[in-house]
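Novice: Need a 3D model of the following:
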Amino acid sequence: MQRRNFIKKTAVAAAGLSLVPYLGQARQLQDYSRDILIGKGTPNFLGSDYKLEPNTYMAFIELQNAAESAGFNIEVVSAYRNYNRQNAIWTRKYKAFTSEGLTPIEAIKKIVEYSTIPGTSRHHWGTDIDMIDGNATRPESVLQAAHFHGKGPFCKFKEWMNTHAQSFGFYEVYSDKPNRKGFKYEPWHFSYLPTSKPMLAQYRKLDIKTMLSEEKLIGSEHFTKEFVDNYLQNNILDINPELL
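Specialist: Below is the predicted model:
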């Protein structure tokens, strides 16, 4: 039996799952409905403490096993987030920034330095994971770029990921290339390319401006066509080119 298939079957058995439903769900998700793409669907994802779409979940189990052999304990900080969860994050930040005196436009621009507009998050797809090394000394705020470089607690883990993650299908999304626009550098955020790439292709066919208008989230009355076009170009598409 090939190593990949053995690990997949072992992981499924350990999770108390059947390989047949896993394969069926993977085929089913090829439809990529609008609701699935914007985080409003009801996907049958795998996982307990965190949720991932089936193909991503199985590849992540392999990644975890390999990392463990190298002395790392991959801890998931965030995986699948539905629309309501992303909307709660958006609303909290919008209210906080405007209460501090920022104008709505200023608040929106500050939010999208790191956080996505609900309905536009890659975390809606169950293909993207924010991860750290659970064996390292845990700082107060784990998702800080400085922790992954120099003498940071996760620097060795990041070096290992840079070398090995792509062999399991995981690619860093928001790089530190100086000319990249949109969301700031996130050394903790990786995406499972075999599934997220076709999902992005489907997502690009949606009328995002209309979708955002229909959802009526807080502050959306300030989303001009120019803002949405720039957001799509800079925040959604200015990513690791391998993922496009």
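Novice: any idea how far the nearest residue to residue 237 once chain neighbours are set aside lies from residue 161?
Specialist: In this structure, residue 237 finds its nearest non-sequential neighbour in residue 244, 6.9 Å apart by CB to CB, 6 or more residues apart in numbering. Where you see a C-beta, it was placed from the backbone N, CA and C, and this is true even at glycine. Separation of residue 244 from residue 161 (CB to CB, to the nearest Å): 20 Å.
Novice: the more surrounded of these two?
Specialist: residue 161 (24 against 11; other CB atoms under 10 Å).
Novice: can you confirm that one is in a strand?
Specialist: No. Counting by DSSP: H, G, I helix; E, B strand; the rest coil, residue 161 is not found in a strand; it is helix.
Novice: how about it, what does it touch?
Specialist: Counting by CB atoms under 8 Å, 6 or more residues apart in numbering, residue 161 touches 170, 172, 190.
Novice: I'd like to know how many residues surround residue 59.
Specialist: The burial count for residue 59: 22, using other CB under 10 Å.
Novice: pretty sure it contacts residue 168?
Specialist: Yes. Using CB atoms under 8 Å as the test, residue 59 is close enough to residue 168 to be in contact (5.4 Å).
Novice: and the residue most central in space within the chain, what are its bridge partners?
Specialist: For the chain, the residue whose C-alpha lies nearest the mean C-alpha position (CA atoms, centre = their mean) is residue 128; its distance is 3.1 Å. Beta-bridge pairing of residue 128 under DSSP bridges involves residue 191.
Novice: okay but it is in contact with residue 191, surely?
Specialist: Yes. Using CB under 8 Å, residue 128 is in contact with residue 191, at 4.6 Å.
Novice: Overlap in contacts, those two.
Specialist: 122, 173.
Novice: low-scoring stretches of the protein, by residue?
Specialist: Low-confidence segments of the chain (pLDDT under 70): 1-30.
Novice: Spell out, range by range, the strands that occur in it.
Specialist: 74-78, 128-133, 170-172, 189-192 (DSSP state E).
Novice: among the ones you listed, which is nearest residue 38?
Specialist: strand 128-133 (14.5 Å; CB to CB).
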